[in-house]
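# Fold the following, please.
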Amino acid sequence: MKKLIAGNWKMNGNLGQAEELVSSIAAKIQEQPSIIDSYEFLICPPFLYMPAIKDICAKHGIVFGAQDCSVHEAGAYTGEISAQMIADCGGTYVILGHSERRQYHGETSQLVAQKATAAHGAGLVAVICVGETESDRDAGKENEIVGAQLQASLPEGANAENTVIAYEPVWAIGTGKTASSDDVANMHSFICAQLKEQLADSKNLRILYGGSMKPENAHALLSTPHVDGGLIGGASLKAEQFIGIAVAAEEG
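Residues are numbered from 1 along each chain as shown. Predicted structure coming up:
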């Protein structure tokens with residue numbers, strides 16, 4: 001099973017920069033062609049830039065997707081983008097329940113589960129995000145919080161073919177802070193154990209770490225048990241750093 005390196009561009013760049021960045025990422029992969037044997041690279045740009053990167057991604061074995069989707073298939077929902085629209089653009093993945101969506105848009109785990117159901121219905125792989133705040137961890141409630149999010153965010157029928165879990169400690173998002181290897185190992189082991197209890201078949205379901213992953217810490221994080229890749233924010237906006245995460249993990 002390949003590890004997944006997923007780039008979340010968030011609301012960054014313009015059209016020209018998006019085209020330039022994906023071209024640079026493709027060029028970096030060409031410099032290290034064997035890396036495709038061990039890693040799957042996913043790019044999630046702003047919605048409007050998906051068509052612009054489609055051909056380059058296809059040519060170089062890069063998959064792409066979106067950063068969110070609607071729970072609705074169609075209708076009078078101004079500003080919404082359906083899962084099927086993402087699929088129509090060639091997208092194969094969608095990030096759901098990111099901490100920024102939960103924090104700034106009030107998204108609940110129940111809503112995330114509904115969105116995941118919509119994504120699965122359109123043939124998309126849902127990257128479902130879970131994670132605790134710093135105050136949760138300080139209070140020793142990280143397992144309780146993440147466990148509850150998993151229980152409520154995963155829809156019926158979730159499996160390794162249609163779902164990826166991304167653990168993102170909220171206090172490490174965009175702060176430069178990184179969870180210790182022990183913290184990551186403990187949480188990923190907890191998530192793995194809960195998935196076995198919660199799902200009919202959780203074998204091979206990938207669990208990503210998201211929280212200031214970069215080339216400097218990639219080897220330590222990606223060699224941690226049950227860490228099957230990374231959800232990358234800031235480092236995904238620089239081709240050398242994004243591909244460098246996989247390179248550094250391989251080289252040690």
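
# Averaged pLDDT, the helix or strand harbouring His219. What do you get?
Secondary structure assignment for His219, by DSSP states H and E: helix 215-222. For helix 215-222, the mean pLDDT works out to 95.

# Just the buried residues of that helix, please?
Buried residues in helix 215-222, counted by 16 or more other Cβ atoms under 10 Å: Pro215, Asn217, Ala218, His219, Ala220, Leu221, Leu222. Placement of C-beta: from N, CA and C, glycine included.

# Any figure for the gap between the closest residue to the fifth one other than its chain neighbours and Leu221?
Beyond its immediate neighbours in the sequence, the residue positioned closest to Ala220 (Cβ to Cβ, 6 or more residues apart in numbering) is Ser181, lying 5.4 Å away. Distance of Ser181 to Leu221, given as Cβ to Cβ, to the nearest Å: 7 Å.

# Could you look up the SS state of Asn159?
coil (DSSP: H, G, I helix; E, B strand; the rest coil).

# Tell me the spacing between it and Gln114.
Distance of Asn159 to Gln114, given as Cβ to Cβ: 18 Å.

# just Arg206 next, same as before
Computed as Cβ to Cβ, the Arg206 to Gln114 distance reads 22 Å.

# One more: Gly230?
26 Å.

# do the same with His72
According to Cβ to Cβ, His72 stands 9 Å off from Gln114.

# Tell me which helix or strand in the chain has the weakest average pLDDT.
In the chain, the helix or strand scored least confidently by mean pLDDT, DSSP states H and E is helix 134-138, which has a mean of 92.

# Okay, buried residues for it please.
Using 16+ other Cβ under 10 Å as the test for burial, helix 134-138 gives Asp136, Arg137.

# Tell me which residues are up against it.
Glu142, Ile145, Pro169, Val170, Trp171 (Cβ atoms under 8 Å, 6 or more residues apart in numbering).

# quick one: contacts of the next helix or strand after it?
Using DSSP H and E, the helix or strand that follows helix 134-138 in sequence is helix 142-153. Residues outside helix 142-153 that contact it (Cβ under 8 Å, 6+ apart): 96-97, 108-110, 112-113, 116, 128, 130-133, 136, 165, 167, 169, 187, 190-191, 194-195, 198.

# Equivalent analysis for stretch 74-85, please.
With contact meaning Cβ under 8 Å, 6+ apart, stretch 74-85 is reached by 47, 66, 68-70, 72-73, 94, 115, 118-119, 121-122, 124.

# what do you get for stretch 202-210?
1, 3-4, 6, 8, 127, 129, 131, 159-160, 163-168, 173, 179, 184, 188, 191-192, 195-196, 199, 221, 224, 226-233.

# Whichever of those residues count as buried, I'd like them selected in PyMOL; how would that read?
To isolate in PyMOL the members of the contacts of stretch 202-210 that are buried, counting by 16+ other Cβ under 10 Å, one can use:
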select buried, resi 3+4+6+8+127+129+131+159+160+163+164+165+166+167+168+173+179+184+188+191+192+195+199+221+224+226+227+228+229+230+231+232+233
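
# Which ones among the contacts of stretch 202-210 lie within strands?
Residues of those located in strands (DSSP state E): 3-4, 6, 8, 127, 129, 163-167, 229-232.

# Need the max-distance pair from these.
Spatial extent of these (Cβ to Cβ) is set by the pair Thr163 and Ile232 at 19.0 Å.
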